[in-house]
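In: What follows is a predicted protein model with its sequence.
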Amino acid sequence: MITELKIIQPFFVLSSNVYLKRYAPGSVISHFYKFKCTVPSGRPVMVVPDGSTDIIFECDPERPSAEICGTVNKSTPDIFRQGKTYFGVRFLPGGLLQFHDLLAKDLADQRYGISVFLHDRSCIEAICCETDFERQIRLFMTHIFTEINKNIRGRDQLCLMQIISQIHEQNGQLKMTDLEKSLHYTKRHISRLFTSLTGVSIKRFSRYLRFQSAMNSLNSSDPKTLSQIAAECGYYDQTHFQKEFREFSSMSPGQFHKLLQASHYYDHLIIR
């Protein structure tokens, strides 16, 4: 099931002393999150590929704002302002196909302010001025998600979710012939549909999910060697694992694991 996907942005968590997270089971939303940035101003927070779309609110009562952000294609620096609080909504891969006139395929490596797309912009201010995490979630679901939900496309999105689920189950090693058999479409149609809806190819998207799986394994309490993780996540060998992980995170798997351990990653994280 696609809901089993654990999509993470670990450097968001490490940019704050307390990172609140609440899952949304049974929804096209992966989870909601909230944090106060403690990273010195001007120092970037790295964003890594995840195949997802986020809507991020900067909770400044004097300058409330919100942006919709597509997946990045490689490790990319982002600037969060020190001392500012952020509320975010992370959609499952394929969960957000359209936000008003914005299509998911046009969001890859892009971000846009959402105020110009909303009929009632006061909801942004209401979310940004609210200090309670649970009430922010309710405000989002009531005033913004209802508009998003109108744009969810039945057959196309169902097909997309099936493709992503199979990619996840096969650790990115999915064969197009298997998709043809399960979906009863030609591989050409499947490839075109996937790229038209997400903006990236199935092959590249598979790499994103494999990388996400590797990050979760490196952050697991179950100790495994790098060779074991590489094999379980579908990498051909250690060289392949090291090269792709560095491309997507700007560090080696070993460096990433040591950073999480030294930073006491789970001490920052509160899951509700």
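Out: Thanks, I have it. Numbering: from 1, shown residues only.

In: C-alpha from now on. contacts and neighbour counts both.
Out: OK.

In: Please save the CA atoms from the helix or strand hosting Ser227 in PDB.
Out: Here Ser227, judged by DSSP states H and E, is contained in helix 226-232. Provided in PDB are the C-alpha atoms of helix 226-232 (Å, rounded to 0.1, in the frame of the first residue of the first chain):
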ATOM      1  CA  LEU A 226      25.900  -0.500   4.300                       C
ATOM      2  CA  SER A 227      26.200  -3.600   2.100                       C
ATOM      3  CA  GLN A 228      22.900  -5.000   3.600                       C
ATOM      4  CA  ILE A 229      21.100  -1.700   3.100                       C
ATOM      5  CA  ALA A 230      22.400  -1.400  -0.500                       C
ATOM      6  CA  ALA A 231      21.100  -4.900  -1.300                       C
ATOM      7  CA  GLU A 232      17.800  -4.500   0.400                       C
END
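
In: what's downstream of that helix, the next helix or strand?
Out: helix 238-249.

In: neighbouring contacts of that following helix?
Out: Contacting residues not belonging to helix 238-249 are listed as 46, 48-49, 73-75, 211, 226-227, 230, 235, 251-253 [CA atoms under 8 Å, 6 or more residues apart in numbering].

In: quick check, nearest of the residues you listed to His264?
Out: Proximity of the contacts of helix 238-249 to His264 (CA to CA) peaks at Pro253, which lies at 16.6 Å.

In: Can you list phi and psi of the residue nearest to Cys159 when sequence neighbours are not counted for me?
Out: The shortest distance from Cys159 to any non-neighbouring residue, by CA to CA, 6 or more residues apart in numbering, is to Leu183 (7.5 Å). Main-chain torsions, Leu183, degrees, to the nearest 10: phi -100, psi -20.

In: What does the pLDDT read for Leu183?
Out: pLDDT for Leu183: 88.

In: shouldn't it be in contact with Met161?
Out: No - the criterion here is CA atoms under 8 Å, and Leu183 misses it with Met161 at 11.3 Å.

In: Specify which residue of the two has the higher count of neighbours.
Out: Neighbour totals were compared for Leu183 and Met161, and Met161 leads with 20 against 13 (other CA atoms under 10 Å).
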